[in-house]
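K.L.:
Next one to model:
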Amino acid sequence: MQKIKTTLLLLLIPFVVLQAQVSEQTDSSFILVLNQQIDNYVVKQQVELLSKFYADDFVFSHGSGKVEGREGWLKSVAKGNFLLRQHDSVTVEMHQELAIVRGKLSVHKNNKDKIDRYHLKYFRLYAYRNNQWQLISHITTSEWHEK
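P.N.:
Just a heads-up that it's a prediction; the model follows:
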């Protein structure tokens with residue numbers, strides 16, 4: 001009987017360790033910081049660094065109706081047109097290995113002879129995969145432009 005208990009304990013240790021690692025990073029404040037940091041990297045054109053935060057199956061649904069995947073979005077980031085991407089009024093709803101983020105985003109983008117300034121409301125979905133949080137979906141729900 002003691003042998004069975006010891007074997008069960010040894011089998012459970014990796015699970016307990018994994019759960020401890022996940023719980024360290026399942027705090028909503030971690031997601032809030034990550035959410036803004038990703039957009040800071042967008043402004044700085046840090047595409048290589050960003051590639052680990054966007055899941056392979058990432059989908060970006062823009063306010064214009066355009067839908068693009070990870071590679072298309074990262075190509076847009078590489079062009080370096082973003083001057084500001086600042087989040088506001090952000091809430092995080094945590095689930096076991098998912099985080100739903102709602103918020104507002106103010107964007108300043110260099111567009112030939114002028115700077116476009118626009119604001120949007122969005123939903124983002126993060127998933128905890130391969131021991132890290134990854135953005136798997138961004139859906140713009142409304143968008144308005146400054147004149």
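
K.L.:
Could you use CA atoms for every contact and neighbour count after this?
P.N.:
Will do.

K.L.:
any chance you could map the strands in this protein?
P.N.:
Using DSSP state E, the strands found in the chain span residues 54-61, 67-69, 82-94, 98-111, 114-129, 132-145.

K.L.:
Give the bridge partners for the closest residue to residue 93 other than its chain neighbours, please.
P.N.:
The shortest distance from residue 93 to any non-neighbouring residue, by C-alpha to C-alpha, 6 or more residues apart in numbering, is to residue 100 (5.1 Å). On the basis of DSSP bridges, residue 100 is bridged to residue 93, residue 125.

K.L.:
how close does residue 100 get to residue 31?
P.N.:
Residue 100 sits 9 Å away from residue 31, going by C-alpha to C-alpha, to the nearest Å.

K.L.:
just residue 128 next, same as before
P.N.:
With C-alpha to C-alpha as the criterion, residue 128 and residue 31 are 11 Å apart.

K.L.:
Equivalent analysis for residue 80, please.
P.N.:
25 Å.

K.L.:
before we move on, back to that, joint contacts of residue 100 and residue 31?
P.N.:
Shared contacts of residue 100 and residue 31, defined by C-alpha atoms under 8 Å, 6 or more residues apart in numbering, comprise residue 92.

K.L.:
For those two, indicate the residue with more neighbours.
P.N.:
residue 31 (21 against 17; other C-alpha atoms under 10 Å).
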